[in-house]
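Peer 1: Attaching a predicted model along with its sequence, questions to come.
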Protein chains: 4
Amino acid sequence: MRTCMQIEIESSFSFTAEASTDMLLQFEAAAIPEQQILSCETRMDPAEHIARVAAQDNIGERIWLRCQGEFNVHYSARIGLQRMQAGLDDLGRLDPHNLPAETVQYLFDSRYCAATRFQSFVEAEFGGKTGGRRVLAMRDWITRKIRYQPGTSDSNTTALDSFVERRGICRDYAHLMVSFARASEIPARYVSVYAPEVDPADFHAVAEVFLQDPDIPGGGAWYIVDATRMAGPDDAVKIGVGRDAADVSFMTVFGPTQFGNQQVSVRRRG
Amino acid sequence: MRTCMQIEIESSFSFTAEASTDMLLQFEAAAIPEQQILSCETRMDPAEHIARVAAQDNIGERIWLRCQGEFNVHYSARIGLQRMQAGLDDLGRLDPHNLPAETVQYLFDSRYCAATRFQSFVEAEFGGKTGGRRVLAMRDWITRKIRYQPGTSDSNTTALDSFVERRGICRDYAHLMVSFARASEIPARYVSVYAPEVDPADFHAVAEVFLQDPDIPGGGAWYIVDATRMAGPDDAVKIGVGRDAADVSFMTVFGPTQFGNQQVSVRRRG
Amino acid sequence: MRTCMQIEIESSFSFTAEASTDMLLQFEAAAIPEQQILSCETRMDPAEHIARVAAQDNIGERIWLRCQGEFNVHYSARIGLQRMQAGLDDLGRLDPHNLPAETVQYLFDSRYCAATRFQSFVEAEFGGKTGGRRVLAMRDWITRKIRYQPGTSDSNTTALDSFVERRGICRDYAHLMVSFARASEIPARYVSVYAPEVDPADFHAVAEVFLQDPDIPGGGAWYIVDATRMAGPDDAVKIGVGRDAADVSFMTVFGPTQFGNQQVSVRRRG
Amino acid sequence: MRTCMQIEIESSFSFTAEASTDMLLQFEAAAIPEQQILSCETRMDPAEHIARVAAQDNIGERIWLRCQGEFNVHYSARIGLQRMQAGLDDLGRLDPHNLPAETVQYLFDSRYCAATRFQSFVEAEFGGKTGGRRVLAMRDWITRKIRYQPGTSDSNTTALDSFVERRGICRDYAHLMVSFARASEIPARYVSVYAPEVDPADFHAVAEVFLQDPDIPGGGAWYIVDATRMAGPDDAVKIGVGRDAADVSFMTVFGPTQFGNQQVSVRRRG
């Protein structure tokens, strides 16, 4: 079953680079089959250099920028979402030896997700379940045990830290979900999204896990899971994917930069 | 200038899986332009399932395996190496905004290489140099400051740990090199190799950095750097590449397994 | 109620120092009111320098040593134990503001016990209980969740690591117990002990928590808690105490030393 | 040689505890031989419970407090300092086996100072020097390599982090100094102080190392070392000492508390 949902996005941010500085931006809804870009506009101030490059797994684009002084970015778009709505609890996992090449990297440990360290825990806590049921049990555990508390985590915070300290924001919830899934030999990646229920409105992040695709014998597909419960497959507009937050930032700067304002608005339409 | 070198490799290892277990192996010389596979033979015991999948950056292959009981792997090959021999000290860096899409992931922090944390250090220590000269200065620093000492690091040891403790093995040298390069905005990846001067003979690991290609205006290429000084572009046979050691292991097991013997022999020929 | 138990201890170890080297040893049963040293013998090879100094909290002694070459230590003792046997579940906690000066340091974070990081967890998991009942609930949680698995932890392993990886040895169990207690504002220290049920026989470690003393209005006392369940107040012979394992080692060396054999035998007598 | 210096201190802070909450305060100049309390006044709002307990090493006092609602603390004092002014570079170290009992804990690893991990580094970098000369070389290294940068460290930052990231505040400088000294087998502790040159005026922290006392054959004494160079033996008024910052905080709260204003003024007098 596929639903169709229209999402309207407005986001803008600005910054000031003292000297001529390189930046990498990734803030636009990805043009992928499940997301139809009904309309979109990206306005950026003039720069010394602007180049678009394909982003990870060919989902979305990154923009290389070289600029100096104040720089303003404004993005608005209307997206038609038609994402598969399988109930996760009916989905089996693919045995590792049947995983396609492009998913293998998402089994491995990454900067914030040292998944192998969680193997004993996930086996003890979720060992009786497999596939989608296990993913849902892990998601529910995270929702129940972690407190959403802005200001308690930063760019050094790993899934290990969040697991011990039991608090964090969407980034940390996604890191735990990704770590638990990988520790269960289920490929998992980190996804930055726009979603209308995120409160307060902001860039958001969720996890995606690779499980059986009921429509393709032996095949698999990526499914969105959000332990914060603020977004879901029917309303999350993907910007980009990566191993974890180290790969997916709406702005990465390579030099001294003052960050200015940032505004995000995401609404369901009609 | 390109040299031609022939390398003979023999490697074998064995393990015993109690129950039917999934494994991922990566031990064969990669078939890439700079490495001609003159002859090769891979012998493995019968398994329930064997499937080859492309490895990271399409360099080499990984072998998915499902097996039970004792399992033996034997690999022998003769490789003709023809790798570009640019002197690194003449090579400039590419400005980040000119980096091609596929190198961008190698700027980011990974499991063992939290490069951003080294930015102040590399700027203070190597700030006066750029490009290949900087890479060489960083390599020399590592060679000088780190002691090669087997048994002092393990699968949890990060570049940060090695930086503080000043000791480790090839894996740790490569993690430091990768971290310093990324902290300098130079893409860097981890490469598992066979190399004849490694003593005692074993699987080896080096770093690769992405710098200007003098033959392609505006273009770049990957260059091998080994701070242990046991391997170099003229004698390192690449097996696979990744963000760091988390991505490139000759054997990853997904279940309880007893590891048996392992033997590696690598020789220059003729 | 006090029981009386006699424990016979034999322990020996040897090592070889290449050059003249300083060492700190702590392996003898502490002479404290609850432990009567019925007989004891300490035999050590001649050394350049031997000096006894009081150990932490005046519990036991440390031996400063300066020696070279092979060095053998043999210790045998018979200890009469008469330790208070309060049931922990009847004991209240002392409010922090009533804690005596000498217990305050045991509220703070130490090398292996970053207790403050566990505050959210202990509040969520054990928030409904206080005092001795809480300590027992925390002990039971550790017993249930952690697997005793030698070889999975080392001298870098913290309570945080053990909490995530869910495995370890007596040292790690004690670090978790100490961390959970401190996160609950209950002073807790690390105690090295000899105990007869430890299997295989070895130096052992437990936690001690500071709770109400039912015999002294407003007063408190230290109580042994062992989440490995291998030792208890009636059969643990204390060697020394500290903040955590960083403070209490049977041997600390200040120079290159080869460790030789080690043998420990502890038996109930009579 | 002893100098005599008068220092005037004013410090005040306030906080609000939602519910009845325990606190531990330590903000008064310690009454120790080298510091004569010429005059002092401590004003605190009424509380449910106030009790003074001796602080670590009997240097200064901690104040246990139980209070609710807004609470104001004001402290003013005039201190006469007469501290021994030995030039560190003439002082030898005491061999570990000659260290008195009370200094032994200051050789061990603590929460923020995992000194053993720095042993290779300090041996390689400072191996040619001993005693006071080594301490000074280590101090100068820290001054040179670390950038004073408020806002870059927090309560999780260890000496290891500061060593890698090369930045921090007085707390981090002191942690590095303590770690390097302990890794050299020189007892070292963390000292919170008032000092007139601290800019901006605030609570400050320095390290103390235990070296030979030239006046006592075979004896030792504690010497202040401040790698930030903002305080020294002639103008630092000690508040308290500990293993590291985990032990010495001007305010530790055991419950939800809003911190209010804080003001510190320290002046040389006359």
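Peer 2: Perfect, thanks for sending it.
Peer 1: pLDDT value on A:Gly87, please?
Peer 2: What the model reports as pLDDT for A:Gly87 is 86.
Peer 1: That one: what's its closest spatial neighbour, skipping adjacent residues?
Peer 2: Excluding the flanking residues, the one nearest A:Gly87 by Cβ to Cβ, 6 or more residues apart in numbering or on different chains is A:Gly132, at 7.6 Å. The way it works is simple: take the backbone N, C-alpha and C, and place the C-beta from them, glycine included.
Peer 1: What strand or helix carries the one you found?
Peer 2: Following DSSP states H and E, one finds A:Gly132 within helix A:131-145.
Peer 1: Would you mind listing what in the stretch 51-200 of chain A touches chain B?
Peer 2: Within the stretch 51-200 of chain A, the positions near chain B by Cβ under 8 Å from any Cβ of the partner chain are A:51, A:53-56, A:62, A:64-66, A:95-101, A:104-105, A:108-111, A:114, A:116-117, A:155-156, A:185.
Peer 1: Near the residue nearest to A:Gly87, how many other residues are there?
Peer 2: When neighbours are defined as other Cβ atoms under 10 Å in any protein chain shown, A:Gly132 has 22 of them.
Peer 1: Tell me who's in contact with it.
Peer 2: A:87-93, A:211, A:223 (Cβ atoms under 8 Å, 6 or more residues apart in numbering or on different chains).
Peer 1: Please pick the buried ones from those.
Peer 2: By neighbour count, with 16 or more other Cβ atoms under 10 Å in any protein chain shown, the contacts of A:Gly132 hold A:88, A:91, A:93, A:211, A:223 as buried.
Peer 1: What average pLDDT does stretch A:59-76 get?
Peer 2: For stretch A:59-76, mean pLDDT rounds to 96.
Peer 1: how far away is the residue nearest the centre of chain A from C:Pro100?
Peer 2: The centroid of chain A falls nearest to A:Val191 when counting by Cα atoms, centre = their mean (1.5 Å). Between A:Val191 and C:Pro100 the distance, using Cβ to Cβ, to the nearest Å, works out to 54 Å.
Peer 1: about what we covered before: dump the buried ones among the contacts of A:Gly132 to CSV, plus distance to A:His175 and secondary structure.
Peer 2: Output for the buried ones among the contacts of A:Gly132, formatted as CSV (distance: Cβ to Cβ, whole Å; DSSP: H, G, I helix; E, B strand; the rest coil):
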residue, distance to A:His175, secondary structure
A:Leu88, 19, helix
A:Leu91, 22, coil
A:Arg93, 20, coil
A:Leu211, 19, strand
A:Tyr223, 17, strand
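Peer 1: send the alpha carbons of the helix or strand of chain A with the lowest mean pLDDT over as CSV?
Peer 2: The weakest-scoring helix or strand in chain A, judged by mean pLDDT, DSSP states H and E, is strand A:251-254 (a mean of 92). The C-alpha coordinates for strand A:251-254 follow below in CSV (Å, rounded to 0.1, in the frame of the first residue of the first chain):
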residue,chain,number,x,y,z
MET,A,251,26.4,22.2,6.8
THR,A,252,30.1,21.3,7.2
VAL,A,253,32.6,24.1,7.2
PHE,A,254,36.3,24.0,6.5
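Peer 1: what about whichever helix or strand comes after that strand, distance to the chain center?
Peer 2: Using DSSP H and E, the helix or strand that follows strand A:251-254 in sequence is strand A:257-268. In terms of Cα atoms, centre = their mean, to the nearest Å, the centre of strand A:257-268 is found 17 Å from the chain centre.
Peer 1: go on, stretch A:55-75?
Peer 2: Stretch A:55-75 sits 17 Å away from the centroid of its parent chain (Cα atoms, centre = their mean).
Peer 1: what sits against A:Gly232?
Peer 2: Taking Cβ under 8 Å, 6+ apart, one finds A:224, A:226 in contact with A:Gly232.
Peer 1: Phi and psi next, for whatever residue of the stretch 151-270 of chain A ends up closest to chain C.
Peer 2: Residue nearest to chain C within the stretch 151-270 of chain A: A:Arg166 (4.1 Å; Cβ to the nearest Cβ). In terms of degrees, to the nearest 10, the main-chain angles of A:Arg166 are phi 60, psi 40.
Peer 1: Do I have it right that it meets C:Arg117?
Peer 2: No: counting by Cβ atoms under 8 Å, A:Arg166 does not reach C:Arg117; the two are 9.5 Å apart.
Peer 1: Test my guess that A:Pro150 contacts A:Ile169.
Peer 2: Yes: contact criterion Cβ under 8 Å: A:Pro150 and A:Ile169 qualify, at 5.5 Å.
Peer 1: tally of neighbours for A:Gly127?
Peer 2: Neighbourhood size, A:Gly127 [other Cβ under 10 Å]: 10.
Peer 1: Check what pLDDT it gets.
Peer 2: Note for A:Gly127: predicted pLDDT of 95.
Peer 1: And for A:Arg2?
Peer 2: pLDDT recorded at A:Arg2 is 53.
Peer 1: Give me the distance between the residue nearest to A:Met5 when sequence neighbours are not counted and A:Asp234.
Peer 2: Leaving aside its chain neighbours, A:Met5 sits nearest to A:Leu81 (4.5 Å; criterion: Cβ to Cβ, 6+ apart). Distance, A:Leu81 to A:Asp234, by Cβ to Cβ: 7 Å.
Peer 1: before we move on, what about A:Met251?
Peer 2: Remark: distance between A:Met251 and A:Asp234 (Cβ to Cβ) = 28 Å.
Peer 1: and the gap between the residue sitting furthest away from the middle of chain A and A:Arg66?
Peer 2: For chain A, the largest distance from the centre (Cα atoms, centre = their mean) belongs to A:Ala19, which lies 31.2 Å off. The gap separating A:Ala19 from A:Arg66 is 11 Å, by Cβ to Cβ.
Peer 1: what does A:Ala29 give?
Peer 2: Distance, A:Ala29 to A:Arg66, by Cβ to Cβ: 24 Å.
Peer 1: who has more neighbours, these two?
Peer 2: A side-by-side neighbour count of A:Ala29 and A:Arg66, using other Cβ under 10 Å, places A:Ala29 first with 23 against 20.
Peer 1: that's a helix at the more buried one, yeah?
Peer 2: No: the assignment for A:Ala29, made by DSSP: H, G, I helix; E, B strand; the rest coil, is coil rather than a helix.
Peer 1: ok, it touching A:Ala236?
Peer 2: No: assessed by Cβ under 8 Å, A:Ala29 is found out of contact with A:Ala236, at 10.4 Å.
Peer 1: Pull up the overlap in contacts between the two.
Peer 2: Shared contacts of A:Ala29 and A:Ala236, defined by Cβ under 8 Å, 6+ apart, comprise A:Tyr194.
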